[in-house]
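[1] Sequence plus predicted model, see below.
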Amino acid sequence: MALLKALVVFTGIFLAVYFYSAGDVFEPAMLKGKRVIVTGASSGIGEQMAYHLAKMGSHILITARTEEKLKKVVAQCTHLGAASAHYIAGSMDTMTFAKLVVHKAENLFGGLDMLILNHIGHTYFGYFDGNIDHVRDLLEINVLSYATMTVAALPMLKKSNGNVVVVSSVAGKIGLPLTVPYSTTKFALDGFFSSLRMEFIQQNIDVSITLCIISYIDTDSALKTVSGVIQQPAAPKEECALEIIKGGALRKREVYYQYHATKIPLLLRDWAPELLQSLLLKNYNMDNFQRKEV
Ligand SMILES: NC(=O)C1=CN([C@@H]2O[C@H](COP(=O)(O)OP(=O)(O)OC[C@H]3O[C@@H](n4cnc5c(N)ncnc54)[C@H](OP(=O)(O)O)[C@@H]3O)[C@@H](O)[C@H]2O)C=CC1
Ligand SMILES: C[C@]12CC(=O)[C@H]3[C@@H](CCC4=CC(=O)CC[C@@]43C)[C@@H]1CC[C@@H]2C(=O)CO
């Protein structure tokens with residue numbers, strides 16, 4: 001009887017959420033002429049987000065460390081119809097560079113509408129090795145640079161009633177093996193930005209914060225790293241990139257991509273953690289495992 005009651009409650013909540021959010025319809029024109037920073041855009045999901053934004057006619061500033069890759073992405077963005085496309089190369093391991101990116105956008109565009117925080121620092125896919133200095137370094141790149149850019153961009157985002165889009169992972173909501181340092185940084189993003197969102201509401205600051213909970217994606221770095229350990233298929237980076245942009249444009253609190261591989265585990269996390277744990281561990285084929293640098 002209790003299970004039936006829980007099921008009825010769940011169904012009611014699901015339908016309420018579904019119909020509440022059903023009114024949000026995304027139009028590519030929402031991004032036309034918008035001024036957007038995309039970090040970690042020399043490859044992977046960030047590169048694909050740049051291309052989607054280009055097709056939608058945005059003004060784009062992309063950043064990463066590898067200048068040659070950034071040049072090629074900017075050239076392709078221009079070809080695809082970006083209102084303008086620019087890059088700045090550097091590492092997010094210093095907060096000076098993190099701030100410099102925002103100041104460059106201000107000089108280029110005179111303002112900012114969307115800040116997409118996507119980059120991640122070098123880490124490993126393997127059992128935690130006890131190296132706390134690496135965790136500290138990764139927190140600088142994966143968390144503090146995100147916070148630094150948000151602080152630097154906030155005056156512009158307040159003027160435009162803009163959006164901050166934070167790319168996280170299932171590993172930022174659920175403990176997973178082989179990614180302890182990385183997962184630490186992704187959980188920290190949830191704490192920082194979900195708390196900040198509440199303060200924005202309290203202070204009537206109309207800047208949206210969209211936290212993106214992403215499952216396994218077919219980027220070169222992920223496929224190379226995981227190579228047979230993760231049993232689930234990797235989802236397409238192009239579609240993932242578009243869903244992130246849609247969520248930011250619609251000012252969603254959170255984006256779940258792929259839905260079945262993120263939202264369902266999150267429901268289980270709170271209602272049946274032991275069941276989730278056993279299902280997740282079945283997803284890892286440790287016969288194929290060897291520690292990989294990412
Ligand atoms: N792929 C997946 O399965 C999943 C990915 N995600 C998230 O999606 C986002 C993108 O991942 P993905 O596209 O796979 O990653 P990629 O490795 O393809 O891209 C990472 C980007 O970050 C840049 N980068 C790396 N180190 C630094 C640094 N020190 N300073 C500045 N930029 C840096 C890289 O460029 P460069 O080397 O030139 O600096 C690159 O542009 C990440 O936030 C990740 O956590 C979440 C869940 C799953
Ligand atoms: C760390 C990285 C990106 C991830 O978040 C995934 C991880 C492989 C295991 C995973 C399975 C999932 O269902 C959720 C995502 C994730 C934790 C990936 C290995 C390398 C990836 C990376 O560093 C960014 O490309």
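    That came through fine. Ligands and ions are numbered 1, 2, ... in the order given.

[2] and residue 74, what element?
    Assigning secondary structure by DSSP states H and E places residue 74 in helix 67-80.

[3] Quick one: mean pLDDT for that helix?
    The average pLDDT for helix 67-80 rounds to 98.

[4] quick one: contacts of it?
    41-43, 47, 50-51, 53-55, 60, 62-64, 85-87, 89 (C-beta atoms under 8 Å, 6 or more residues apart in numbering). For the C-beta atoms, the positions are set from N, CA and C on the backbone; glycine is no exception.

[5] ditto for stretch 94-109
    35, 37, 39, 59, 61, 63, 84, 86, 88, 90-92, 112, 115, 140, 144-145, 148-149, 152-153, 156.

[6] ok, what's across the strand from the residue nearest in space to the middle of the chain?
    Closest to where the C-alpha atoms of the chain average out (C-alpha atoms, centre = their mean) is residue 167, at 0.9 Å. Beta-bridge partners recorded for residue 167 (DSSP bridges): residue 212.

[7] Just to check, it is in contact with residue 244?
    Yes. Under the criterion of C-beta atoms under 8 Å, residue 167 is in contact with residue 244, at a separation of 6.4 Å.

[8] Mutual contacts of these two, please.
    Common contacts of residue 167 and residue 244 (C-beta under 8 Å, 6+ apart): 45, 116, 212, 214.

[9] Tell me which other helices or strands the helix or strand hosting the second one touches.
    Counting by DSSP H and E, the secondary-structure element that holds residue 116 is strand 114-117. In terms of contacts (3 or more C-beta pairs under 8 Å, 6 or more residues apart in numbering; DSSP states H and E), strand 114-117 is packed against strand 35-39, helix 145-160, strand 163-167, helix 237-249.

[10] Now render the ones you listed as JSON lines, adding distance to ligand 1 and mean pLDDT.
    Formatted as JSON lines, the helices and strands packed on strand 114-117 follow (distance: least, C-beta to the nearest ligand atom, whole Å; pLDDT from 0 to 100):
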{"stretch": "strand 35-39", "distance to ligand 1": "6", "mean pLDDT": "99"}
{"stretch": "helix 145-160", "distance to ligand 1": "7", "mean pLDDT": "98"}
{"stretch": "strand 163-167", "distance to ligand 1": "4", "mean pLDDT": "99"}
{"stretch": "helix 237-249", "distance to ligand 1": "7", "mean pLDDT": "98"}
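
[11] could I get those as TSV with distance to ligand 2?
    Below are the helices and strands packed on strand 114-117 laid out as TSV (distance: least, C-beta to the nearest ligand atom, whole Å):
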stretch	distance to ligand 2
strand 35-39	14
helix 145-160	15
strand 163-167	10
helix 237-249	10
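
[12] which ones are touching residue 233?
    Taking C-beta under 8 Å, 6+ apart, we find residue 233 in contact with residue 216.

[13] and the gap between it and residue 94?
    Distance, residue 233 to residue 94, by C-beta to C-beta, to the nearest Å: 37 Å.

[14] how near is the nearest residue in space to residue 66 that is not next to it in sequence to ligand 1?
    In space, and not counting its chain neighbours, residue 66 is closest to residue 42: 5.0 Å by C-beta to C-beta, 6 or more residues apart in numbering. Separation of residue 42 from ligand 1 (C-beta to the nearest ligand atom, to the nearest Å): 4 Å.

[15] Residue 33 too?
    Taking C-beta to the nearest ligand atom, one finds residue 33 at 25 Å from ligand 1.

[16] OK, contacts around residue 126?
    Residue 126 makes contacts with 178, 289-292, as judged by C-beta under 8 Å, 6+ apart.

[17] if we can go back for a sec, give me the pLDDT value at the residue nearest to residue 66.
    pLDDT, residue 42: 98.

[18] since we're on it, how many residues are nearby?
    Residue 42: 23 surrounding residues under other C-beta atoms under 10 Å.

[19] residue contacts, residue 199?
    residue 205.

[20] What helix or strand is it located in?
    helix 180-202.

[21] okay, the angle between that helix and helix 145-160?
    20 degrees (axes from the mean of the first three to the mean of the last three C-alpha atoms, to 10 degrees).

[22] Just the buried positions in helix 180-202, please.
    180-190, 192-193, 196-197, 200 (16 or more other C-beta atoms under 10 Å).

[23] wait, which of those residues is closest to residue 131?
    residue 181 (8.0 Å; C-beta to C-beta).

[24] That'll do, ta.
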